[in-house]
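A.B. asks: Provide a 3D model corresponding to the input given below.
(one chain, ligands or ions: 1)
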Amino acid sequence: MIPAAFDYAAPTSLDEAISLLQQHGDDAKIIAGGHSLLPLMKLRLAAPALLVDLARIPNLSYIREDGGTVAIGAMTPYVALEDSDMLRRRVPLLAEAAGMVGDQQVRNRGTLGGAVAHADPAGDMPTIVTALGGTIVARGPNGERTIPADEFFQDVFTSALSPEEIVTEIRIPATEGAGQNYQKFRRRSIDWAIVGAAVNVTRSNGSIGRASVVLTNVGPKPMRASAVEQALAGQTASSDAVRQAAEQADQGLDPSGELYASREYKLHLARVITRRALQAALGL
Ligand SMILES: Cc1cc2nc3c(=O)[nH]c(=O)nc-3n(C[C@H](O)[C@H](O)[C@H](O)COP(=O)(O)OP(=O)(O)OC[C@H]3O[C@@H](n4cnc5c(N)ncnc54)[C@H](O)[C@@H]3O)c2cc1C
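C.D. replies: Take a look at the predicted model:
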């Protein structure tokens, strides 16, 4: 399939990119790795008149430690997350989950900023960044702002970003010592999640402190399993506590059925893979 005709700009600074977005309004679209946008353009589900490529803007691809926070540039590809020893130590869940996205080609080109900005409810990164309590840094004509992931993802392919804003960085609190796991239920290893469950749990003296549990592809955005989180807080980390809490993972969910999974099957999967993710995170 061939996309509709479009113009192409490759600005060399963020200010220039923001100014292009201001001039062209809804007719312009940022392109990062292109692995979500180009398929949409080829199917003619998107037909931007102008693509604004971020690839030539310096200093947008990095992974840095900054106090207790890991800062990741928006143009950092999945492969760099997967391969970062520092990230594997400081935020293992993000490094591991990056290795579960698509196939090697997708991971070579797709970027964390693109995945976050795209706000696909079936995407892995929105769930992971939310479960980790991440924040998204965006720059626009009025300067920079920082948006917690819980507020950033709003609806299907809809985020708190305005059309003139660019995601520049994703910040994740370092979580060394936490229990973490992502279960991605899919037909083949390269597929998208039919349902995913991300868990980030703090522990002390055999008890669960704070539990963060977020699900992929069971609603219009990453869905926080609040009932599970509440059921676990303060509990002794035991198989029974996990089993009982995970039974509540489908509370408040109303997922749409799709080709490979009915609504009921997705609700069943939400309970089962939440239990598996909790068991793995807590070493049970
Ligand atoms: C075969 C295939 C398999 C895949 N499998 C998976 C999978 O298993 N799991 C998964 O989560 N994803 C999967 N993906 C999607 C992939 O992860 C995308 O790369 C990612 O979702 C988007 O990142 P990108 O850099 O390619 O963004 P692009 O496609 O370039 O952009 C996506 C959207 O975000 C906007 N955007 C991009 N960067 C910014 C920015 N910095 N600021 C503001 N807006 C921005 C663009 O305007 C566009 O609307 C798959 C894709 C393909 C082609």
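A.B. asks: do a quick rundown of the strands in the stretch 151-284 of the chain.
C.D. replies: In the stretch 151-284 of the chain, the strands defined using DSSP state E, counting those that start in this stretch lie at 153-155, 158-159, 166-173, 179-185, 195-204, 207-216, 223-224.
A.B. asks: and the second one, which strands flank it?
C.D. replies: In the sheet containing strand 158-159, its partner strands are strand 153-155 (antiparallel), by DSSP bridges.
A.B. asks: among the strands of the stretch 151-284 of the chain, which is nearest the ligand?
C.D. replies: strand 166-173 (3.7 Å; CB to the nearest ligand atom). To be clear about C-beta, it is placed using only N, CA and C from the backbone, and glycine gets the same treatment.
A.B. asks: run through who's touching stretch 4-21.
C.D. replies: 28, 30, 41, 44, 47-58, 139-141, 163-166, 168 (CB atoms under 8 Å, 6 or more residues apart in numbering).
A.B. asks: doesn't residue 40 lie inside a helix?
C.D. replies: Yes - checked against DSSP: H, G, I helix; E, B strand; the rest coil, residue 40 lies within a helix.
A.B. asks: so it is in contact with residue 34, correct?
C.D. replies: No - counting by CB atoms under 8 Å, residue 40 stays clear of residue 34, with 10.1 Å between them.
A.B. asks: near the ligand, which residues of the stretch 151-284 of the chain?
C.D. replies: Applying CB under 6 Å from any ligand atom, one finds that the stretch 151-284 of the chain approaches the ligand through 166-167, 192.
A.B. asks: check contacts around the nearest residue to residue 42 once chain neighbours are set aside.
C.D. replies: Once flanking residues are discounted, residue 42 sits nearest to residue 1: 4.2 Å by CB to CB, 6 or more residues apart in numbering. The contact partners of residue 1, by CB under 8 Å, 6+ apart, come to 42-44.
A.B. asks: those residues also near the ligand: which ones?
C.D. replies: Applying CB under 6 Å from any ligand atom to those, none is adjacent to the ligand.
A.B. asks: out of these, who's the most crowded?
C.D. replies: Neighbour tally across these (other CB atoms under 10 Å): the maximum, 13 neighbours, falls on residue 42.
A.B. asks: what about it, distance to residue 123?
C.D. replies: 19 Å (CB to CB, to the nearest Å).
A.B. asks: try residue 272
C.D. replies: Where residue 123 is concerned, residue 272 sits at a distance of 21 Å (CB to CB).
A.B. asks: who's more crowded, these two?
C.D. replies: For residue 272 versus residue 123, neighbours defined as other CB under 10 Å are more numerous around residue 123 (25 against 16).
A.B. asks: residue 101: neighbour count?
C.D. replies: Using other CB under 10 Å, residue 101 is surrounded by 23 other residues.
A.B. asks: and it, what does it touch?
C.D. replies: 78, 107, 110, 115, 124-125.
A.B. asks: what's near enough to touch residue 84?
C.D. replies: 63, 95.
A.B. asks: do that again at 6 Å, thanks
C.D. replies: residue 63 (CB atoms under 6 Å, 6 or more residues apart in numbering).
A.B. asks: what of residue 60?
C.D. replies: 73-75.
A.B. asks: for the residues you listed, which entry has the maximal number of neighbours?
C.D. replies: When neighbours are taken as other CB under 10 Å, the top entry among the contacts of residue 60 is residue 74 (28 neighbours).
A.B. asks: contacts only, for that residue.
C.D. replies: 60, 113, 167-168.
A.B. asks: what is the neighbour count of residue 53?
C.D. replies: With other CB under 10 Å as criterion, residue 53 counts 15.
A.B. asks: what count of nearby residues applies to the residue nearest to it when sequence neighbours are not counted?
C.D. replies: Residue nearest to residue 53 in three dimensions, not counting chain neighbours: residue 10, with 4.6 Å by CB to CB, 6+ apart. The local packing of residue 10 (other CB under 10 Å) involves 14 other residues.
A.B. asks: distance of residue 10 from residue 20?
C.D. replies: Going from residue 10 to residue 20 by CB to CB gives 10 Å.
A.B. asks: next one: residue 247
C.D. replies: Applying CB to CB to residue 247 and residue 20 gives a distance of 50 Å.
A.B. asks: with residue 139 instead?
C.D. replies: 13 Å.
A.B. asks: and residue 127, which helix or strand is it part of?
C.D. replies: helix 124-131 (DSSP states H and E).
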